[in-house]
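In: sharing a model prediction with you, sequence too.
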Amino acid sequence: MSTEITTPDGGANVGPPNRGRQTLWVTAGVVGLTGVVGLAVLGGIAARDDEKAGSAGQAAAPADAGPRVDAAGDTYNESEWSGSERSGQDDRRATEKHREKTVPCSSDKLIQAILHANQNRGGVLTLAKDCTYELTRSKQGNGLPVITEPIVLAGHNTTIARAATADHFRILNVGRDGHLTLRGVTVKNGRTAPPLPFPTPEAAPLLTLSAPTNTPQPAAPTAAESAATAAAVGPFVGGAGILVQRGGRADIEKSSIRWNQTGHNGGGIANYGTTTIGKSSVESNSAAAFGGGIFNVGVLRIEDSKIEQNDARQGGGGFANGSFRPGVKGGTVWVWKSTINHNHTQGLAGGILDRSGEMSVTRSQVTENTAGRDAGGVLGVDGSQLYLEQVMLERNVAMGVGGGLAVAADAIAVLQESALKQNVANGAGGGGLFNAQAFVTLRDSQVARNRAVGPFAVGGGIVNAFGQVDLVRSAVTQNAATTPPGGIFTTNDGVDIDRKSAVKQNRPTNCLGSPVVPERCFG
């Protein structure tokens, strides 16, 4: 079996650790983090991020004989696996049932069970009912051994948590070729590296109504700068609850990921591989960078789940698909029949941030999220492709523009049978929708009762700044702005209203006062 454990970004590996049961967890190695860089778009949007997720490193093994070393570099004594506890070890082709193991309510027993499963082509570990497995120590930033085989952790009102007085470490790490199934388990209180020295979100300019410009991109950090950052913050950041490395897979079923904190991306989960979240909750997690609940650059499915009350300093309070570090683009995301509610960021996108990714959200709610800058509900930027069907974006608040939805920099957004309602923008405008140099289509949808309340705010319903907005059988009604128009404000002739759409009952006007008044918009 290979001992290769890769970093999420494909970084170099090091050797296995020293032997001995007493040294089950050994802290070794430093994985560098890249420096902080930024991305500017639209001459007015900028956000910063720094992305280099840590992974399980390994130290060199001694030449003398000792306890066995599994693929994750962990050790265990053969004598601890005897009798019925060795089911499956002698027969590599044993069925899943034969590889089942009941794990007593002991963190040491859980660690040993995972090590054994890693060494024996996986297994099903039935965790103790109503038990809290309290982790007090770690190896290389992980509270449990790296998952390198198909392993099921099946609980019943079961919790796996970092002890309150323990050093900082994440709970679970799924390595390349590992497959974790988490069922009926709460993962909580993971902590990774302290916050990185990110710039404050307010340091970057807001989305504006100004004409497009070609803004130079910031230079990437030098090797010396990256090394200095790594030395300052150490390894193992991101995914304080669960880290899924490239090539890894996690299926989270009827579980809860909560109260985890990271100094980087992905307070609850950082996914670089393939992750499915079903009938579960990701709540009350926080990240110093992007993705308070979840950070994704892989393949992510969220089904019949709740992403609630998470917080991210830079952006994507609920979850972030990608970040603003050059090259860290979003992956592919499907969200079905889920709620993204009550999340917050000091920066961009209180609910969902998508940068250069592909995202489909269906039969879901994005409500009561808040952003200290732009996009209270959802932000799609830098070539993002968003498809929202039967989605309610309601009561989201942005201190900047785009209370409900902001789309910018060649992104494409299609809203089908969806609603932007009662959202608020406290900046220049776009209570419901703010579109800047991007493309938005609303079909059979509503933009209603949104407000733009800044001192000179316009476009309580829609602001279109040098982009394209098409209304197809849709309505823009009962929106309000501080200054005219209250319905639709556009800087160009890029707003197309078909004959079955309506713009009415907006205050102080529907479209009058806009630099360009769209055809079929009156008053």
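Out: The structure has been received and is ready for your questions.

In: surely residue 389 is in contact with residue 418?
Out: Yes: look at residue 389 against residue 418 with Cβ atoms under 8 Å: they come within range, at 6.7 Å. No exception for glycine: its C-beta is placed from N, CA and C like everyone else's.

In: quick one, which of the two is more surrounded?
Out: Neighbour count, other Cβ atoms under 10 Å: between residue 389 and residue 418, residue 418 has more, with 25 against 18.

In: quick check on the more buried one: phi, psi?
Out: The phi and psi values for residue 418, taken as degrees, to the nearest 10, are phi -120, psi 170.

In: that one reaches residue 388, doesn't it?
Out: Yes: under the criterion of Cβ under 8 Å, residue 418 makes contact with residue 388 at 5.1 Å.

In: give the partner strands of the longest strand belonging to the chain in its sheet and their orientations.
Out: What stands out as the longest strand in the chain, according to DSSP state E, is strand 150-162. According to DSSP bridges, strand 150-162 has the following sheet partners: strand 123-127 (parallel), strand 132-135 (parallel), strand 179-188 (parallel).

In: rounded mean pLDDT for the shortest one, please.
Out: It stands for strand 132-135. Per-region confidence: strand 132-135 scores 98 on mean pLDDT.

In: ok, now stretch 439-448?
Out: The pLDDT scores in stretch 439-448 average 99.

In: between the two ends of it, how far is it?
Out: Using Cα to Cα, to the nearest Å, the end-to-end distance of stretch 439-448 comes out at 20 Å.

In: next, the buried residues of it.
Out: Using 16 or more other Cβ atoms under 10 Å as the burial criterion, the residues of stretch 439-448 that qualify are 439-448.

In: now swap in stretch 504-514 and tell me
Out: When neighbours are counted by 16+ other Cβ under 10 Å, the buried residues of stretch 504-514 are found to be 505-506, 508-511, 513-514.

In: show me what contacts residue 134?
Out: Counting by Cβ atoms under 8 Å, 6 or more residues apart in numbering, residue 134 touches 107, 161-163.

In: and with 6 Å instead?
Out: Residues in contact with residue 134 (Cβ atoms under 6 Å, 6 or more residues apart in numbering) are 107, 161, 163.

In: what does residue 361 give?
Out: The contact partners of residue 361, taken as Cβ under 6 Å, 6+ apart, are 335, 388, 391.

In: got the residues you listed as CSV, with distance to residue 494 and secondary structure columns?
Out: Formatted as CSV, the entries for those read as follows, by distance: Cβ to Cβ, whole Å; DSSP: H, G, I helix; E, B strand; the rest coil:
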residue, distance to residue 494, secondary structure
335, 28, strand
388, 20, strand
391, 23, strand
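
In: most neighbours of all those residues, which one?
Out: Within these, residue 388 tops the neighbour count with 28 neighbours, counted by other Cβ under 10 Å.

In: doesn't residue 414 make contact with that one?
Out: No: contact status for residue 388 versus residue 414: not in contact, 7.0 Å apart, counting by Cβ atoms under 6 Å.

In: double-check that residue 115 belongs to a strand.
Out: No: membership of residue 115 in a strand is not supported by DSSP: H, G, I helix; E, B strand; the rest coil, which gives helix.

In: just to check, it is in contact with residue 146?
Out: No: taking contacts as Cβ under 6 Å, residue 115 lies outside contact range of residue 146: 10.1 Å.

In: more neighbours: the two, which one.
Out: residue 146 (27 against 24).

In: measure that one to residue 139 for me?
Out: For residue 146, the distance to residue 139 under the criterion Cβ to Cβ, to the nearest Å works out to 9 Å.

In: again with residue 465
Out: For residue 465, the distance to residue 139 (Cβ to Cβ) stands at 51 Å.

In: equivalent analysis for residue 189, please.
Out: In this structure, residue 189 and residue 139 are 18 Å apart, going by Cβ to Cβ.

In: neighbour-wise, which of these two wins?
Out: Neighbours of residue 189 and residue 139, each counted by other Cβ under 10 Å, are more numerous for residue 139; the result is 26 against 22.

In: the helices in the protein, which residues?
Out: Assigned by DSSP state H, the helices in the chain fall at 107-119, 223-233.

In: so where is the chain shaky, pLDDT-wise?
Out: 1-98, 194-237 (pLDDT under 70).

In: hmm, try it at 50
Out: 1-95, 202-206, 213-236 (pLDDT under 50).

In: show me the domain layout of it.
Out: If you go by automatic domain parsing, the domain ranges for the chain are 21-188, 201-226+270-504.

In: adding distance to residue 260, write the ones you listed out as JSON lines.
Out: Written out in JSON lines, the entries for the domains of the chain read as follows (distance: least, Cβ to Cβ, whole Å):
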{"stretch": "domain 21-188", "distance to residue 260": "7"}
{"stretch": "domain 201-226+270-504", "distance to residue 260": "5"}
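
In: winner for burial among the ones you listed?
Out: Of all these, domain 201-226+270-504 has the most neighbours on average by mean count of other Cβ atoms under 10 Å, namely a mean of 24.

In: how far off centre is it?
Out: Its chain's average C-alpha position is 14 Å from that of domain 201-226+270-504, according to Cα atoms, centre = their mean, to the nearest Å.

In: follow-up on the earlier one: just the buried residues of stretch 439-448: which are in strands?
Out: Among the buried residues of stretch 439-448, the members falling in strands (DSSP E) are 439-443, 446-448.

In: quick check: the farthest pair among those?
Out: Checked with Cβ to Cβ, these reach their widest spread between 439 and 448, with 22.0 Å between them.

In: residues in contact with residue 413?
Out: Here residue 413 is in contact with 380, 386, 407, 440 (criterion: Cβ under 6 Å, 6+ apart).

In: if we go to 7 Å?
Out: Going by Cβ atoms under 7 Å, 6 or more residues apart in numbering, residue 413 touches 380, 386, 405, 407, 440.

In: excluding its backbone neighbours, what's nearest it?
Out: Of all residues not flanking residue 413 in the chain, residue 386 sits nearest, at 4.2 Å (Cβ to Cβ, 6 or more residues apart in numbering).

In: hey, what's that neighbour bridged with?
Out: residue 359, residue 413.

In: next one: residue 306
Out: Once the bridges are assigned, which here means DSSP bridges, residue 306 pairs with residue 281, residue 339.

In: that one contacts residue 281, doesn't it?
Out: Yes: between residue 306 and residue 281 there is a contact under Cβ atoms under 7 Å: 4.4 Å.

In: ok, and the closest non-adjacent residue to residue 172?
Out: residue 242 (4.6 Å).

In: now do residue 430
Out: With Cβ to Cβ, 6+ apart as the criterion, residue 430 has its nearest non-adjacent residue at 3.7 Å, and that residue is residue 463.

In: which residues touch that neighbour?
Out: So residue 463 contacts 401, 429-430, 434-435, 489 (Cβ under 7 Å, 6+ apart).

In: strands - which of these land there?
Out: Among these, the members falling in strands (DSSP E) are 434-435, 489.

In: residue 265 contacts residue 289, correct?
Out: Yes: with contacts counted by Cβ under 7 Å, residue 265 reaches residue 289, the gap being 4.8 Å.

In: what touches both of these two?
Out: Taking Cβ under 7 Å, 6+ apart as the contact rule, residue 265 and residue 289 both touch residue 323.

In: in contact with residue 479, which residues?
Out: For residue 479, the set of contacting residues under the criterion of Cβ under 7 Å, 6+ apart consists of 431-432, 447-450, 460-461, 486-487, 506.

In: same thing but 8 Å
Out: When contacts are taken as Cβ under 8 Å, 6+ apart, residue 479 is in contact with 431-432, 447-452, 460-461, 486-487, 506-507.
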